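Student: build the 3D model from these lines:
(2 chains)
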Amino acid sequence: MQEPVFKVRGVSKAFNEHVVLDNIDLDIYSGEIIGIIGASGAGKTTFLNTLIGFLRPDKGDIQFRLNHLLAYKNSYIYRSVFKKQSLVKQVYGFASQVPSFYDDLTTKENLEYFGLLYNLSRDAIKSNAETLLNLMDLKDASNTLAKNLSGGMERRLDIACALMHDPDVLILDEPTADLDPMLRNHIWQLVRKINQKGTTIILSSHHLSELEALCNRVAIIKDSKILAVGKPEEIKKQFMVEKEIILQTNPGDYKKIVKELSKKDISRIRISNHTLHIHSSKPEHVMLDVMTTLKKSKEDLTFINVTSASLDDVFISIWEDKEE
Amino acid sequence: MKFFRTIAKNFRVLFRLKTALVAIVFGPLFVIFLIGFAFNSSNAIQLTVGYHAPDNSQLTTDFISSLDNKYTTKSFEIERDCLKELEHGLVHTCIFFPPNFEITQGKENNVTFVVDKSRVNLAYTVIEGVSEQIGIKTDELSKSLTETLTSTLTKTGTVVDSTIGSLIKIKKDMNDNVNDAKVISDDLNEIKLEVKDFSFTGTSEIASIDNSLDDIQDEVETVLKEINTTINSLNTTDSKSGIISAINDLNEFVFTEYNDSTTRLSNLTTKISAVQTELNTVEDQIKTAKENTDNSREKIDALRTRLNSINSEVDGVKSNLESLSRDVSSIEITSSDQIVNPINTKIETISSDNNQLISLLPYLLMLIIMFVGLMLASTLVVVEKSSRASFRVFTTPTKDEFFILTTFVTAFIIVIAQLAIILLAVSYFLIDVFTANIGLNILILVLATSIFIMLGMAIGYLIKSQQGANMTSISIGALLLMLSNFVLPVESIVPGLRFIAEYNPYVLASETFRRATIFSMPLNEMLFEIGVLFAFTVVIFILIVIFQKLAKARYFNKNQHAKAKKIEEKKGLWIKNVLVNNELEFIEEVNKLSKEGYHQFIRKNSIKVGKFIKKELNKPQIAKRVRKLSQKELLNVIVKDKQDILAEIKKKHEQRMKEQKSNYHKD
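Tutor: Purely as a prediction, here's the structure:
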């Protein structure tokens, strides 16, 4: 097991009376892609801002691994992010929910300016900017004013700015929040590419199905706490022991079907996109009941599938628990 | 409707912005309160009047006393000392009284005022205020002189009235005299002293008789002599004959003469009778004349009495007129100029150059520096602070002070460039003024620019929005301006606030710059003011650092999610935890909603949905009807003529189903 790049220990943070983070413990390892999942307002952004030392926790500490000459033979040195701000800022690059750069500078000028703020040499600035323009597919827009870029390009420029100083850790807060599916895919591809170059990636997103495929680990934040941390599969197993029966019928009077079902062994039913979703830990028993009901309701089965739950389902499940 | 909703929205936005609320509502109230409090003084401007009087005459003392009532006065032995204090602003005017200051005939009294015209508003106030006091005193003098004149005239009037009475009496007496004289004249006319024309020829007769007698006497004497001679010659025979002949001759002669004399005596008697008659007539006439003369004498006596009376009256008139003459002569000041203006006031300026532009330059330059510095610096900070890039800037290891410095330098360069352009433009008038004390001038300009830029930066870090920062900058600028010499003299502010106003950086900067440019005052005479300005820069810099840290902390301490969501909402629309940004996503997410879910969603978010449809989908007509449309109707209206979109959704749906089917088969 690698030594973590960030060690989060007992971090709590409240805004006035509202507790946003409650005794959070988390290790983030070098080279991994870790997804932070949580409902809106769950505290993902607060967690990320605390992680980089922008927000000082009410309790606990966060330490980062120091890339220092003294750190050799796998005995790493850790320092508190709150005490060594200038050092930790060299360690990470951060792309927030809202792309952060100067609208009235060109793509290239933005990169060069932020390289300057990271105290890079002139050559390093030039070379890094060139590399990132190519990597992010922004070469053609290098002389375009940032305010004239499209949504996807803005996002890519933002990530490029975060990578300008070649950080060990790239933190992406909702990097695909306002992008269409095509652009989202593009961004995820870039993230993978960046990760393949050895950069640790911490990200949060609403598109859980996409995170599922991308992340090595996910951490679910709920009720100000980290509910679970692990590989997506482990999480799914932990939270969704049930299977999901997805079916489509003709003429498709799903409300009537739901009314007719005995509800035995069924934990949850939802109708979505002209499709009936039935969750159950005993799908074989429910299937029999469903078939009987369909016959009784004179519904013809056009499609049926029994699947394990997706990360989306886990999230919805956890979220709905909260709502209940 | 739209109009009023826009106004309502504007009010909502404005009143939710607390800083703007303070700046817009409480700011002006505070300014008005402060100004009202500052200038709530019925007293005149608290001026210190310096004066130099070569000799403390009564008139000088009177003038100083009249000024003492309103102003603080300060005496100077030497004129130059007063001028020096005037340059420093310690006295506000110097009054130079002339030697032997007194009002005398033909003497010009020039009282000289020296004012500092570079303090434009104060100069005229001082001229007006002090001139008024001097004017009052001058008017008093003028009044006194006029009173002397009018009292003399009144007295003259009285005397003339009484003289007229005397003259009337004299006139009456004179008329009486004329009448009496007429009577006397008539009486005298009546005296007839005419003597008939007669010739008294008796005289020749008498003379003839006399001559005859004389001849007789001569003959007698001759005869006697001959007798004597004959007697003596008696020895001669002839002697006897001679005597006898002589006696004969004598006899003959006497006889002849005797005869002639009788005739002549008869004639003489006749003539004497005639004379006697005439003399009787004359006697009568003389008697009449005597009577008339007696009458006339009486009248002449009366006339004399009256003339004596007239004489005494005339003496009275003479005496009165002499008295009047004395009174008139006693009026010392008779020149109309001197009565009207017993004292001439002369207003001079402390500096030889009266160019209005030069006088105004320090205030105008500082005004420009203040407003440009405040507005520009606050704008720069707010633009940077509210820029999308601000977050990324925070993530860089560059120190905060670096950004403070770079912002400061940016603003500084712009302000200095503006000043350079202005100075270049007015260099024709000011090159001498500015270059005379160039080092100090530049130091003051740099200090002032730094102070106002840093003040603007502090505002920028403290205030969240651009509008709020602008309004605060303008309010602070206006406040500093109101509590300065530019609008009303600082001296007119109530003492409590005057102390604060005197430490107003605008006042300090403009005053030091004024002295440095106009009077070429050296640094050592303004060390205190320059020191205060420097202290201001240090204090404001510390404040900036604190405010910058606070602004940064506030940026992160706010509910980040709420902020991010707000920002995203500006761009897109949240439908059931999914942010939609375009038509395709909107249709997709609305399509996913159940009928009930759609109704709930629209009920809660109709305005947001309307805005999104109007702005992002460019369908204002649908946006208006969004509450009335069912889910199906909304989708139908939006996807109308959008077969490509529908096809894409169908395709996606089919793809999803396929994936699920393939997964199913795999399982």
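
Student: put the alpha carbons of the helix or strand containing residue B:499 into PDB.
Tutor: Applying DSSP states H and E as the criterion places residue B:499 in helix B:495-502. Below are the C-alpha coordinates for helix B:495-502, written out as PDB (Å, rounded to 0.1, in the frame of the first residue of the first chain):
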ATOM      1  CA  PRO B 495     -14.900  73.300  16.400                       C
ATOM      2  CA  GLY B 496     -15.500  69.600  17.400                       C
ATOM      3  CA  LEU B 497     -15.500  68.400  13.900                       C
ATOM      4  CA  ARG B 498     -13.000  70.900  12.600                       C
ATOM      5  CA  PHE B 499     -10.300  68.900  14.300                       C
ATOM      6  CA  ILE B 500     -11.300  65.900  12.400                       C
ATOM      7  CA  ALA B 501     -11.600  67.900   9.200                       C
ATOM      8  CA  GLU B 502      -8.200  69.300   9.600                       C
END
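
Student: helix or strand right after that helix?
Tutor: helix B:505-518.

Student: and that next one, what's buried?
Tutor: B:505-518 (16 or more other C-beta atoms under 10 Å in any protein chain shown). All C-beta atoms are positioned from the backbone trio N, CA, C, and that covers glycine.

Student: do the same with stretch B:258-278
Tutor: Applying 16+ other C-beta under 10 Å to stretch B:258-278 flags B:261, B:264, B:267, B:268, B:271, B:272, B:274 as buried.

Student: check the offset of it from the chain's centre.
Tutor: Averaging C-alpha positions (C-alpha atoms, centre = their mean, to the nearest Å) puts stretch B:258-278 113 Å from its chain's average.

Student: got the angle between the host helix or strand of residue B:361 and helix B:505-518?
Tutor: Element membership of residue B:361 [criterion: DSSP H and E] is helix B:356-386. Helix B:356-386 runs at 140 degrees relative to helix B:505-518, counting by axes from the mean of the first three to the mean of the last three C-alpha atoms, to 10 degrees.

Student: without its sequence neighbours, what residue ends up closest to residue B:548?
Tutor: Of all residues not flanking residue B:548 in the chain, residue B:461 sits nearest, at 5.0 Å (C-beta to C-beta, 6 or more residues apart in numbering or on different chains).

Student: any idea how many residues pack against that neighbour?
Tutor: 28 (other C-beta atoms under 10 Å in any protein chain shown).

Student: before we move on, the earlier item: what is the rounded mean pLDDT of the helix holding residue B:499?
Tutor: In this model, helix B:495-502 has an average pLDDT of 78.

Student: show me what it is packed against.
Tutor: Counting contacts by 3 or more C-beta pairs under 8 Å, 6 or more residues apart in numbering or on different chains; DSSP states H and E, helix B:495-502 packs against helix B:27-38.

Student: tell me the mean pLDDT over the helix it packs on?
Tutor: Rounded mean pLDDT across helix B:27-38 is 55.

Student: restrict the buried residues of stretch B:258-278 to contacts with chain A.
Tutor: Among those, none lies close to chain A by the criterion of C-beta under 8 Å from any C-beta of the partner chain.

Student: let me have those residues in CSV, extended by pLDDT.
Tutor: Formatted as CSV, the buried residues of stretch B:258-278 follow (pLDDT from 0 to 100):
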residue, pLDDT
B:261, 76
B:264, 77
B:267, 80
B:268, 80
B:271, 80
B:272, 84
B:274, 81
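
Student: so which of those residues comes closest to chain A?
Tutor: Distance to chain A across the buried residues of stretch B:258-278 (C-beta to the nearest C-beta) is lowest for residue B:274, with 160.7 Å.

Student: and for residue B:402, the neighbour number?
Tutor: 12.

Student: checking it next. Helix, strand or coil?
Tutor: Here residue B:402 takes the helix state, with states given by DSSP: H, G, I helix; E, B strand; the rest coil.

Student: quick one, what contacts it?
Tutor: By C-beta atoms under 8 Å, 6 or more residues apart in numbering or on different chains, the contact set of residue B:402 is empty.

Student: one step back: contacts for whatever helix or strand comes next after the helix holding residue B:361, please.
Tutor: Downstream of helix B:356-386, the first helix or strand assigned by DSSP H and E is helix B:390-395. With C-beta under 8 Å, 6+ apart as the test, helix B:390-395 has contacts from A:52, A:54, A:89, A:92-94, A:96, A:98, A:100-101, A:114, A:117, A:158, A:161-162, B:384, B:403, B:552, B:555-556.

Student: can you rerun that using 6 Å?
Tutor: A:94, A:96, A:100, A:161 (C-beta atoms under 6 Å, 6 or more residues apart in numbering or on different chains).

Student: from the residues you listed, which is closest to residue A:248?
Tutor: residue A:96 (40.9 Å; C-beta to C-beta).

Student: quick check: that closest one touching residue A:173?
Tutor: Yes: the criterion here is C-beta atoms under 6 Å, and residue A:96 meets it with residue A:173 at 4.9 Å.

Student: buried set for stretch B:90-109?
Tutor: Neighbour-count burial for stretch B:90-109, counted by 16+ other C-beta under 10 Å, picks out B:91, B:92, B:93, B:94, B:95, B:96, B:97, B:98, B:101, B:103, B:109.

Student: distance of residue B:241 from residue B:226?
Tutor: Computed with C-beta to C-beta, to the nearest Å, the distance linking residue B:241 and residue B:226 is 12 Å.

Student: in terms of neighbours, single out the busier of these two.
Tutor: residue B:226 (19 against 11).

Student: does that one count as helix, strand or coil?
Tutor: helix.

Student: who's in contact with it?
Tutor: Contacts of residue B:226 by C-beta under 6 Å, 6+ apart are residue B:246.

Student: check residue 177 and give its pLDDT.
Tutor: As the question left the chain open, I've gone with chain A. For residue A:177, the predicted pLDDT is 75.

Student: not quite, I wanted chain B
Tutor: pLDDT, read off for residue B:177, is 81.

Student: which residues does it contact?
Tutor: So residue B:177 contacts B:303, B:306 (C-beta under 6 Å, 6+ apart).

Student: just to revisit the earlier point, ok, now which ones touch the residue nearest to residue B:548?
Tutor: So residue B:461 contacts B:381, B:547, B:548, B:551 (C-beta under 6 Å, 6+ apart).

Student: got TSV for these, with pLDDT too?
Tutor: Listed next are the contacts of residue B:461 as TSV, based on pLDDT from 0 to 100:
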residue	pLDDT
B:381	87
B:547	90
B:548	88
B:551	84
